[in-house]
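Novice: Curious how this folds, go ahead:
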Amino acid sequence: MINVFHIVSSKTWGGAERYASDLVAHMRHDPDFYVEVVSAKNDDIIEQFQKMDIPVSILPLKGIRDIDSPVRLARMLRKGKNIVHVHTYRDAVTAVMARIISDNPNTKVVFTPHTLKKPTFNYVSKKVYNNIDHYVFVSQFAYDHFLAHAAPRIKKSLTSVIPESVLNTDTSAQAPVPDLRKELKMTPEQALIMFHSRLNHEKGVDVLLKAITDLDRESYKLVMLGEGQDKAVQRIKSYIIENKLVHNVHLLGFQRNMHGYLWQCDFGVQPSAIPEMQGISNLEYMKQGKPIITTNNGAQQEYVRNMENGILVKPNNVEQLAEAIKTLVNDRELIHRMGRQAKHDFDTNLNYESFYHKITSLYSRLLND
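Specialist: Numbers count the residues shown, from 1 in each chain. As a prediction, this is how the structure comes out:
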């Protein structure tokens, strides 16, 4: 049996936490693995994993000046075959120090970067990067970006591109969701558009609102799922009121049963202003058989084929985004055709079982070579 420890030190739930959550949720049913989460003291994060009956060990996880965390983690790594999977450089520091202290040759450190932050190389970071056993990138775009700044310091033989996927979620045990069309008093002809992510400029919220402002108000409803900082949310609400979009745009906040909402929409819009390492929100729509309108500034181009399973637009381009939304709002058959293709592409190329097999095969290879 292989012991897998995912270190999660963030104070907020984001892409890295979702990545780890899906993996441990699937892995806890796999008899070949024991899985545990190592977390900083954050009640919201810890609760998410405890709900899945995942063991959670709490450590300070404060980075290079934190000696307590690697010492305590090392005690967990002294015996057996262990994988420590980290998602930030700071946690990589903890994992590498713990592996050295444990003196267990059967412990390997895997690092999956989730941000576009450029790796920096000084005396300490070189030591850390040189002691990571394998790098897993969630997309070719993520790989190219990281290696552009890390090569030749990191051997390509220690890297893999394993495109991130979305775990199939059983929504039956989760909180029930309302019938959105009924609750919003929509006609059959109206398009239900959905956005779900953080409510901020980086995710293109302001561009989206501007893009829908001049659309026929009788042709659509936009549901926005997610949270943001108070000032950002207030600006959004002010824009909605000032532009008389109150009956068209509905802010529903963060929802745990996300899939219960997504399947109800006609298509999703995720106009990220910054490059996406993979764009997990886009994949969630594709899994549900929904076309996606998104930007062409990151890994989105690796799986969204323009006018086939979705529409690609330039970031921060209000006119292009408005035209793309209008195209789908006015063509129900195009929505269905793109949705079918999106579902097919996800099931064929991006399904979670394939992702999981590649990750677990990597874990086994690292410990058995």
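
Novice: Quick one: the strands in the stretch 151-300 of the chain, in order.
Specialist: Using DSSP state E, counting those that start in this stretch, the strands of the stretch 151-300 of the chain run over 159-161, 191-196, 220-225, 249-253, 267-270, 292-295.

Novice: okay, these in TSV with distance to E276, mean pLDDT and mean neighbour count next?
Specialist: No exception for glycine: its C-beta is placed from N, CA and C like everyone else's. Converted to TSV, the strands of the stretch 151-300 of the chain look like this (distance: least, Cβ to Cβ, whole Å; pLDDT from 0 to 100; neighbours: other Cβ atoms under 10 Å):
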stretch	distance to E276	mean pLDDT	mean neighbour count
strand 159-161	15	97	17
strand 191-196	14	97	22
strand 220-225	17	97	21
strand 249-253	22	95	16
strand 267-270	8	98	25
strand 292-295	8	98	27
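
Novice: In CSV: these, plus distance to K41.
Specialist: What follows is the strands of the stretch 151-300 of the chain, written out as CSV (distance: least, Cβ to Cβ, whole Å):
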stretch, distance to K41
strand 159-161, 32
strand 191-196, 28
strand 220-225, 28
strand 249-253, 25
strand 267-270, 32
strand 292-295, 36
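
Novice: L334: which of the ones you listed is closest?
Specialist: Closest of the strands of the stretch 151-300 of the chain to L334 is strand 267-270, at 9.6 Å (criterion: Cβ to Cβ).

Novice: and the gap between the closest residue to E218 other than its chain neighbours and N243?
Specialist: In space, and not counting its chain neighbours, E218 is closest to Q190: 7.2 Å by Cβ to Cβ, 6 or more residues apart in numbering. Distance of Q190 to N243, computed by Cβ to Cβ, to the nearest Å: 19 Å.

Novice: So between the two, which is more surrounded?
Specialist: Q190 (19 against 15; other Cβ atoms under 10 Å).

Novice: Could you tell me how far the more buried one is located from A211?
Specialist: Using Cβ to Cβ, Q190 is found at 17 Å from A211.

Novice: same deal with Q264?
Specialist: Separation of Q264 from A211 (Cβ to Cβ): 21 Å.

Novice: So the two - more neighbours on which side?
Specialist: Using other Cβ under 10 Å as the criterion, Q264 and A211 rank with A211 on top: 25 against 16.

Novice: so what's the more buried one up against?
Specialist: Each residue near A211 by Cβ atoms under 8 Å, 6 or more residues apart in numbering is listed here: P271, V318, L321, A322, I325.

Novice: So which of those residues is surrounded by the most neighbours?
Specialist: Neighbour max across the contacts of A211 (other Cβ under 10 Å) = P271, 27 neighbours.

Novice: The contacts of A211 in helices, which ones?
Specialist: Per DSSP state H, helices hold the following members of these: V318, L321, A322, I325.

Novice: give the contact list for the nearest residue to V246 once chain neighbours are set aside.
Specialist: Nearest residue to V246, sequence neighbours excluded (Cβ to Cβ, 6+ apart): I240, at 6.0 Å. Neighbouring residues of I240 by Cβ under 8 Å, 6+ apart: L209, V246, V249, L251.
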